[in-house]
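A.B. asks: Mind folding the following:
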Amino acid sequence: MNLTRRTCISALACGAMPGMHARAQTVGATVVDEVWLDATRQREVPVKVRWPDAAANSAGPLPVVLFSHGLGGTREGGAVWGEAWAAAGFVVVHLQHAGSDLAAVRAVTNSFADQRALRSAAGPAQLLARLRDVSFALDEIGRRHEARLERWGTVRPKQVGMCGHSFGAHTTLGMAGQRYPGFEGLAEPRLASFIAFSPSLPAVGDARQAFERITRPLLCFTGTLDSDVVGVGATPERRRAVFDALPAGEKAQLVLEDADHMTFAGQTGRAVEIVPRGQVTRDLQPAHHALVASISTDWWRATLLGDATAHNRLAAPQGLHQGDTWQRK
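C.D. replies: Residues are numbered from 1 along each chain as shown. Sure thing, here's the model as predicted:
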């Protein structure tokens, strides 16, 4: 399965080929790195914004998708997914969360094998900071849209998609309405659809009760080797059980045979080799990435744009291999 990263993107059903070569902070760049300041909290939120190629733009206001990285990540997380979604006409904003990003992890350990140190950067305070980062990003997008600042006047600041990997999936579920002990959680009305890459069950309490307010569309991605990274008991079985605990109605899950935790980070190269991985998983990663990119793009098209063709493709996605499981309810 000798598929390249470009193959992953071009494999999207009905997707446009990306026209993204400019990378830095130049005028008119397709990919722009910025640092947004939340003045209320005096907190900087680094972002990477991927603008769709002009040929991929939809007729109406451009839909927006937010991506939240996992523990120890940066705004470079989710690059494979972000490139695919931008190629399909979405504005993708990759958020970086201070306190649970790479700098925070490097401040407490020099190894991702040190699970105790990793957990110190993944507590309730950091989750709350992440949730506030997302709310701030939505505020900032709305402010830029109202001010018609550069290209932001062309976006749709509401009915936004929200997704993330690992701790970012936890962040996503929190924004979708998950409850926590002593905290009712959030249910951000500007978010219309969600994708959780490598989600996990609540550490304590009844999962169905924790998730009962998640009534908007939610897609989960996980794998048969998607195991624990920080030592909180997140087995592949418990990750799959998130889907079972969700209330019915516009929910879906893809379980990929031999995919591990880093398969769903949306990166390649050294960034996904921070934990031990099997060779079969490495060999399958390009094909897995192509499939996840295709299905996730159809999910955004169906739930954010009302694309009937994409919705029909989701009834029986093409490209699944033996052992892969697609579920809907």
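A.B. asks: Residue 168 and residue 296, how far apart?
C.D. replies: 14 Å (C-beta to C-beta, to the nearest Å). Any C-beta I mention is one placed from the backbone N, CA and C, and that applies to glycine too.
A.B. asks: In terms of packing, which of those two has more residues around it?
C.D. replies: When residue 168 and residue 296 are compared for neighbours, residue 168 comes out ahead with 33 against 24, by other C-beta atoms under 10 Å.
A.B. asks: That one: what's its closest spatial neighbour, skipping adjacent residues?
C.D. replies: Leaving aside its chain neighbours, residue 168 sits nearest to residue 68 (3.4 Å; criterion: C-beta to C-beta, 6 or more residues apart in numbering).
A.B. asks: Per-residue pLDDT of that neighbour, please?
C.D. replies: Looking at residue 68, its pLDDT is 98.
A.B. asks: cool, residue 300 as well?
C.D. replies: 98.
A.B. asks: Count the neighbours of residue 132 for me.
C.D. replies: Counted with other C-beta under 10 Å, residue 132 comes out at 17.
A.B. asks: so where does it fall, helix or strand?
C.D. replies: helix 124-146 (DSSP states H and E).
A.B. asks: Buried residues in that helix, which are they?
C.D. replies: For helix 124-146, a neighbour-count test (16 or more other C-beta atoms under 10 Å) marks 126-127, 129-138, 140-142, 144-145 as buried.
A.B. asks: returning to that earlier point: give me the beta-bridge partners of the residue nearest to residue 168?
C.D. replies: Counting by DSSP bridges, residue 68 is bridged to residue 95, residue 164.
A.B. asks: from what I can see it touches residue 96, true?
C.D. replies: No - Residue 68 lies out of contact with residue 96 (C-beta atoms under 8 Å); the separation is 9.1 Å.
A.B. asks: Among those two, which residue is more densely surrounded?
C.D. replies: residue 68 (32 against 23).
A.B. asks: In contact with that one, which residues?
C.D. replies: 95, 97, 130, 133-134, 162-165, 167-169, 171-172 (C-beta atoms under 8 Å, 6 or more residues apart in numbering).
A.B. asks: how near is residue 186 to residue 52?
C.D. replies: Residue 186 is 28 Å from residue 52, by C-beta to C-beta.
A.B. asks: Equivalent analysis for residue 309, please.
C.D. replies: In terms of C-beta to C-beta, residue 309 sits 19 Å off from residue 52.
A.B. asks: now residue 130
C.D. replies: Distance from residue 130 to residue 52, by C-beta to C-beta: 26 Å.
A.B. asks: now residue 297
C.D. replies: From residue 297 to residue 52 the distance is 12 Å (C-beta to C-beta).
A.B. asks: Alright, I will stop here.
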